[in-house]
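> Compute the structure for the input listed below.
(chains A and B)
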Amino acid sequence: MTQIIDRRINGKHKSAVNRQRFLRRFKDQIRKAVSDSVDTRSITEIDSGEKINIPTKDTHEPVFNHGPGGKRDAIHPGNKDFITGDHVARPPKGGGGSGSEASDQGEGEDEFTFQLSREEFLEFFFEDLELPDLIKTQLATVDDFKSVRAGFSTTGVPTNIDIVRSLKGALARRIALRTPFSRELHECEDELEALKATPDDEFKAKRILELENNVRRLKDRIATVPFIDTFDLRYRNRIMEPSPTTQAVMFCLMDVSGSMDEARKEMAKRFFILLYLFLNRTYENIEVVFIRHHTTAKEVDEQDFFYSRETGGTVVSSALELMHKIICDRFPTSDWNIYAAQASDGDNWEGDSPNCKSLLNDRIMPLLQYFAYLEIMPHNHQSLWHHYEEIMSQHRNFDMQSIDNANEIYPVFRKLFARKHV
Amino acid sequence: MKKNNLITESADWTPELIQRYDEEISRIAKNYGLDTYPIQIEIINSEQMMDAYSSVGMPLGYNHWSFGKQFLQTEQRYRRGQMGLAYEIVINSNPCIAYLMEENTMTMQALVIAHACYGHNSFFKSNYLFQTWTNADAIVDYLLFAKQYISKCEQRYGIKEVEAILDSCHALMNYGVDRYKHPAHLSAEEESQRQKEREEYLQTQVNHLWSTLPIQPGEENTQKEVRFPPEPEENLLYFIEKNAPLMQPWKREVVRIVRKVAQYFYPQRQTQVMNEGWATFWHYTILNTLYDEGFVNDGFMIEFLQSHTNVISQPGFDSPHYSGINPYTLGFNMFKDIRRICEHPTDEDREWFPDIAGSNWQETLDFAMRNYKDESFIGQFLSPKLIRDLKLFCVLDDDREKDLEVTAIHDEKGYRQVRNMLAKQYDLSMREPNIQVHNVDLRGDRSLTLRHIQHDRRPLGKDTAEVIRHLTRLWGFAVKIESVNENGSVVNSNDDEDEDR
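Reported below is the predicted structural model:
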């Protein structure tokens, strides 16, 4: 009468549609939460899910219910020393005092928390940056794996059967299994032969019968050894290997002089993140080097890079010098693909810009795969911008963009992405 | 007298072992006279269990963001380890579908089978509320019809529009049930066949209702006031479905779907203590019988009793874990207590329960299960002994008084009051505000007036304005709500929308 069904093999994610509906409905809140989280997240951690908080009042589903006030009786268990007629002070709000009535209000938390998956997180992040769809999927996909041959295995699918190997195995097995019988058979046959040559007697007839039986039995045994057995099958084994096998280093250069305020730094951060994501897709191993500068440059960790403030003037070449030095010391071009991204408000000490140009042109650009410059200042370009423009005309792997908004970041990368498809 | 019948010592379940346990449990249940629907046990993993949670136990449901919210909430709390998932979910359908988690040990599976497949199942099949209000044969088909219908609406009218209607209906879901009238049985086939006819018919009905021309400006309203509806209507969604003036036919059907689903779950909300108590009582009784007959060993019993004890634990009112009375504890103890009164009555029991003291316990329990709901069950069967055991006491919270007052405890004077108050606590119509459709301004602005009949001066909660906005969306014209006190005078009215903003 009872039927038992194993449903585990059925698809999970029956609720996937409802989850989508939920994300859709709270798109604005989630987008804001994602944006906040991008600001606090480390660049190298961008590639993961995120805990999202939404105010409970937004997700609350209203129903008619009773408010506080009026007269109500409640039954509670576990009386210790109350007797009829006792008066008790009203417990403070939120205490367990009023029992079941209060508990269904769900007042306890004012935030609705849930986990956004990595894909969903990136989707929201990209939406802000207005990436083209194709690029979105390219960036969001996990590293491609390449299927490579890796010897042979005893299990697999029929299409992968290696016939030669399998038949060799079968042959070996046949020989191995038949040998004892064959030897015995030969002995019996030899004896039979010999016996037939001798004169007849009573013993001989009996012995011949016995030997003939033996021969028949052994021939049967030999015949039952199968020509091929599942045991013999060999499959070509393939394993998945991550395809990116090279490594890259990414230099993040940023002006931290007084004129770079928080909003600009956050914009810069998104720019660096995008480059990181792109590289992450192409290279297995990425080092990130942070160089900040005002009049002098310094290699720092990510925390200092984004969150410490400096004042004073700006000398861009100091950062370029330092980068060149670090490349020469630690990242030989034979082992590393080198990318650099620079963010600045365009400020530079007047006499330094020609310096930067020659430094880049002569010493740095030949070492780099790509250099992206982002100026977070839509108008009023200064000398640095003009000198960089000249570099762009000479080097195909140099790109620059001035922006005002996060959605303008992407064009900087267009060339970079485009190059991948050539 | 123990025989060596041991089924297994293994803690891991296999389908064969589940089958074996089920055979024995089924045999024992039959001996105790449990009448059940055929059973369909489905093994699922934790994620599928969360799916089942989020669709409030419907085996298939239409899509809506609130189910997604439910899922995320469950998932989050489960991941953080704040809650374990239920061992089982059981569906009131024929055959009775029970979901078992793959993580459960063999002992837990046996517990769950006894609890859900025989306890809940027999309750679904025999309790009068379920017999009257739900149709186990048709529910799965109906839900399938509902899912398809709503997805068709989404394709035709857009997800957003359908979502908005569903939001509004969900806000009124608890007011979409007939509390006293007997509904027609639903069948998916007829539903979809008749759906089209009904659509057209309903529309003509509504049109008829509104055929009176609106009063011309300047014309005096000399006609005698006609109240519509002539009798107050407590089923708000039903009223909307039948009477909303400008509602498109497909929206009426959506309202109907939500109403039908609400109606289907209504008996479960009215019999929580009984249903869980009944199932807990039977898993306890059946597994003990299994042990007595030697089918399970001591290890099995220790694991079972540990989880049984957790299920029926009742923290006291002053414990930080206290969150009201545990329906499992109350229900389990009441059924156990009834059995005790039947088998070993004391003088007190004879005085309080002359009808059942000393009677056949199986028949008495069966009678109680069939013919009561939480409110009447407690009102009838809560014994002084159990009140003493649980140390129940009654607290009066009157906002006109400075302090709370303990009005009754577990003593001779207090038994009846505690029992009455506890019964009242489970009366759904007391728990939810009593709100009815009072009047529609037929000749004027077509506004709808709801009446909240106050009980013990308890006001409406802070969600009210928002629910009224949902109702306004469905009705299509202004909606007012007024609270009326016990003397019949209006004490509070929020017909001015702005004051709620």
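> contacting residues for B:Asn63?
A:Val17, A:Asn18, A:Arg21, B:Lys147, B:Ile150, B:Ser151, B:Glu154 (CB atoms under 8 Å, 6 or more residues apart in numbering or on different chains). C-betas here are computed from N, CA, C, even on glycine.
> In strands, which of those residues fall?
Among the contacts of B:Asn63, DSSP state E puts none in strands.
> Let me know the closest of these to A:Val289.
Closest approach to A:Val289 among those (CB to CB): A:Arg21, at 43.3 Å.
> The residue nearest to that closest one when sequence neighbours are not counted: neighbour count?
Distances taken as CB to CB, 6 or more residues apart in numbering or on different chains place B:Trp65 nearest to A:Arg21, at 4.0 Å, with adjacent residues excluded. Each residue near B:Trp65 was counted by other CB atoms under 10 Å in any protein chain shown, and the total is 23.
> The one 5 residues further on too?
Here the count is done by other CB under 10 Å, and B:Gln70 has 20 residues near it.
> Now do the host helix or strand of it, average pLDDT.
Assessed by DSSP states H and E, B:Gln70 sits inside helix B:65-79. Averaged over helix B:65-79, pLDDT sits at 83.
> picking up where we left off before, filter the contacts of B:Asn63 down to the buried ones, ChimeraX style.
Remark: buried members of these, expressed as a ChimeraX selection using 16 or more other CB atoms under 10 Å in any protein chain shown:
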select /A:17,18,21 /B:147,150,154
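> Export the contacts of B:Asn63 to a markdown table and append columns for distance to B:Arg20 and pLDDT.
Output for these, formatted as a markdown table (distance: CB to CB, whole Å; pLDDT from 0 to 100):
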| residue | distance to B:Arg20 | pLDDT |
| --- | --- | --- |
| A:Val17 | 39 | 85 |
| A:Asn18 | 38 | 86 |
| A:Arg21 | 43 | 89 |
| B:Lys147 | 36 | 91 |
| B:Ile150 | 42 | 94 |
| B:Ser151 | 42 | 93 |
| B:Glu154 | 46 | 93 |
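> Among the contacts of B:Asn63, which are located in helices?
When DSSP state H is applied, the contacts of B:Asn63 are split such that A:Val17, A:Asn18, A:Arg21, B:Lys147, B:Ile150, B:Ser151, B:Glu154 fall in helices.
> tell me which of the residues you listed is nearest to A:Asn79?
The nearest member of the ones in helices among the contacts of B:Asn63 to A:Asn79, counting by CB to CB, is A:Asn18 at 44.0 Å.
> Please name the nearest non-neighbouring residue to that closest one.
Ranked by CB to CB, 6+ apart and with sequence neighbours excluded, the top spatial neighbour of A:Asn18 is B:Gly68, at 3.6 Å.
> Now do the contacts for that neighbour.
By CB under 8 Å, 6+ apart, B:Gly68 lies in contact with A:Ser15, A:Val17, A:Asn18, A:Arg19, A:Gln20, A:Arg21, A:Phe22, A:Leu23, B:Ser54.
> Can you tell me which of these is nearest A:Tyr235?
Taking CB to CB as the measure, A:Tyr235 lies nearest A:Ser15 of the contacts of B:Gly68, at 38.3 Å.
> is it true that that closest one touches B:Asp51?
Yes - if you go by CB atoms under 8 Å, A:Ser15 and B:Asp51 touch, sitting 4.8 Å apart.
> Which parts of the stretch 1-150 of chain B are helices?
Secondary structure of the stretch 1-150 of chain B (DSSP state H, counting those that start in this stretch): helices located at B:15-31, B:46-54, B:65-79, B:106-112, B:121-126, B:128-133, B:139-157.
> angle of the third one against helix B:46-54?
Our comparison of helix B:65-79 with helix B:46-54, counting by axes from the mean of the first three to the mean of the last three CA atoms, to 10 degrees, yields an angle of 130 degrees.
> doesn't B:Arg451 fall inside a strand?
Yes - B:Arg451 forms part of a strand when assessed by DSSP: H, G, I helix; E, B strand; the rest coil.
> okay, the residue lying closest to it once chain neighbours are set aside: pLDDT?
Once flanking residues are discounted, B:Arg451 sits nearest to B:His438: 3.8 Å by CB to CB, 6+ apart. In this prediction, B:His438 carries a pLDDT score of 91.
> got it, and B:Lys373?
So B:Lys373 comes in at 94 (pLDDT).
> For it, which non-adjacent residue is spatially closest?
With CB to CB, 6+ apart, the residue lying closest to B:Lys373 is B:Gln270, at 4.6 Å.
> residue boundaries of the strands in the stretch 1-150 of chain A?
With DSSP state E, counting those that start in this stretch as the criterion, the stretch 1-150 of chain A has strands at A:3-6, A:50-55, A:71-76, A:87-89, A:111-116, A:145-153.
> Off-centre distance for the helix or strand that comes right after the last one?
It refers to strand A:145-153. Next along the chain after strand A:145-153, taking DSSP H and E as the criterion, comes helix A:163-197. Distance of helix A:163-197 from the chain centroid (CA atoms, centre = their mean, to the nearest Å) equals 58 Å.
> Same question for helix A:163-197: list its buried residues.
A:Ser166, A:Gly169, A:Ala170, A:Arg173, A:Arg174, A:Leu177, A:Arg178, A:Phe181, A:Glu184, A:Leu185, A:Cys188, A:Leu192.
> cool, and stretch B:230-238?
B:Glu233, B:Glu234, B:Asn235, B:Leu236, B:Leu237, B:Tyr238.
> so can I have TSV of those residues showing distance to A:Gln29, secondary structure and pLDDT?
Below are those laid out as TSV (distance: CB to CB, whole Å; DSSP: H, G, I helix; E, B strand; the rest coil; pLDDT from 0 to 100):
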residue	distance to A:Gln29	secondary structure	pLDDT
B:Glu233	38	strand	89
B:Glu234	36	coil	89
B:Asn235	35	coil	92
B:Leu236	30	helix	94
B:Leu237	30	helix	94
B:Tyr238	35	helix	93
